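A structural model of the following input is requested.
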Amino acid sequence: MADAMTVDETTRTVSAARAAEELELKREEFRLAVRMGLIRTVPAPDPDGTLRGRGSGRDRPPERRPVDRAEIDRLKAAPDFPHGLRERVRTVGAAEAAELLGITPHRFGRLARTGHLSPVRFYLNRYRTVIWLYVAAEVTAFGEEHPALLAGRMPAAVREREAAGEDLRARNWRTRHLALLLRGSDDPWARAAAIASLLDPVQVAEVVDDPYERTHLDRLRPAPPPGFPVSGAGREVADRLVRADDPDEILWHRMSLALALDEARAARQAPYPGERARPDAEPAPAVRELGTWELVARAPEVPVAPERSTVRPPARPSAPPSAPPSARPSDRPRGRVARPPGRAPRTPGPGLLARIRRTFPGRRAAGAGWGVRRDWG
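A predicted model of the protein is given here:
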């Protein structure tokens, strides 16, 4: 029985490359179809959560996940397969899009810059000029829904935006790109990383003050879009396109990142250095009621320090402690534990840098690099 279940698990899904071959789609067409929701993929099995948060397994890009055999059969059973599926993901440039609408490329450029059409991807040619691509089906649908914009004089609102020098193509692409990224992941930390990828690192540091959380978000940063330059001046041009530049857009993404972080922290804490990524947090077992204290998991008792520092403990205790201080029980919570109300936080003592600085009396007043706080996160 176990062998039959294993065979069924391995044969009911196929790899992304095999699915694209059976659906007669090119690699970029398959990727776009998955991102647009035309092809549904399934996450890789990860019952214990060991693959979560490493950029693989369940959190790999949707176009690299396996496809259910039933999904392939559903698409192949369509009466217009394969032409209909390829037509829904076919992309065109500005010149070909203008031909589909029966207008000049100049007029199409005016409509695209004023936000009437959203590009689905871009690439840089040999002259480092940005070439925007649009979904052919969306271009045709726009012409059918807005025939008044294809002939005659442009409306006053369009002329005002054009006179102000607005170009919303990059912003509309970022909005669409983010929506596709969020649709392809159900992990809260991966969704937060997708939002953070549209912000400058300085903006991310202002919203995410924990350096470990910033490192975790950077590790989950989505891969650059296809055709993204890897170096040179072309990389600088592409970097400006993928990051928000309008003040209202930056504010919107900052607020979205803050809300996404609250959701991610509620699911599980970001792993610290040397700590293994854990699955989503489960509710802590209830303990006896502690008034207004928060219910937390059971923790080992910690020896209480004497009230006065002048009282010295005996050299040899009369009874051995119940558990050595160095032993760490396996059921101790590894996250942040809430402090009971009414108890003041412990004042930390001087750090290692402060103790070293005391040994250099001549360098303390002048500074010479000591005591300068640097944030390396």
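
so E63 sits against R31, correct?
Yes. Between E63 and R31 there is a contact under C-beta atoms under 8 Å: 4.1 Å. C-beta: built from backbone N, CA, C; applies to glycine.

with only the CA atoms kept, save the helix or strand where R235 lies in PDB.
Using DSSP states H and E, R235 falls within helix 233-242. Taking Å, rounded to 0.1, in the frame of the first residue of the first chain, the C-alpha atoms of helix 233-242 are listed here in PDB:
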ATOM      1  CA  ALA A 233      25.500  50.700 -16.900                       C
ATOM      2  CA  GLY A 234      22.500  48.600 -17.900                       C
ATOM      3  CA  ARG A 235      22.200  47.300 -14.400                       C
ATOM      4  CA  GLU A 236      22.000  50.900 -13.100                       C
ATOM      5  CA  VAL A 237      19.200  51.700 -15.500                       C
ATOM      6  CA  ALA A 238      17.300  48.500 -14.600                       C
ATOM      7  CA  ASP A 239      17.700  49.200 -10.800                       C
ATOM      8  CA  ARG A 240      16.000  52.500 -11.200                       C
ATOM      9  CA  LEU A 241      13.100  50.900 -12.900                       C
ATOM     10  CA  VAL A 242      12.500  48.200 -10.300                       C
END
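
any buried residues in that helix, and which?
By 16 or more other C-beta atoms under 10 Å, the buried positions in helix 233-242 come out as 234, 238, 241-242.

what does stretch 167-185 give?
So for stretch 167-185, counting by 16+ other C-beta under 10 Å, buried means 168-178, 180-181, 184-185.

among the residues you listed, which one sits closest to E71?
Nearest to E71, judged by C-beta to C-beta, of the buried residues of stretch 167-185 is G184 at 15.1 Å.

quick check: the closest one touching R35?
Yes. With contact defined as C-beta under 8 Å, G184 and R35 form a contacting pair (6.6 Å).

between those two, what contacts are shared?
Common contact partners of G184 and R35 (C-beta atoms under 8 Å, 6 or more residues apart in numbering): P62.

quick one: the helices in the stretch 51-200 of the chain?
69-76, 83-88, 94-101, 105-113, 136-145, 156-163, 169-183, 188-196 (DSSP state H, counting those that start in this stretch).

out of those helices, which is the most enclosed?
Comparing the helices of the stretch 51-200 of the chain by mean neighbour count (mean count of other C-beta atoms under 10 Å), helix 188-196 ranks first with a mean of 24.

what packs against that one?
Helices and strands touching helix 188-196, by 3 or more C-beta pairs under 8 Å, 6 or more residues apart in numbering; DSSP states H and E, are helix 169-183, helix 211-219, helix 247-267.

let's see 6 Å
Secondary-structure packing of helix 188-196 (3 or more C-beta pairs under 6 Å, 6 or more residues apart in numbering; DSSP states H and E): helix 169-183, helix 247-267.

let me know the average pLDDT across the helix or strand following that helix.
Using DSSP H and E, the helix or strand that follows helix 188-196 in sequence is helix 201-207. Averaged across helix 201-207, pLDDT comes to 94.

now stretch 76-85
On average, stretch 76-85 scores 92.

who touches that stretch?
E24 (C-beta atoms under 6 Å, 6 or more residues apart in numbering).
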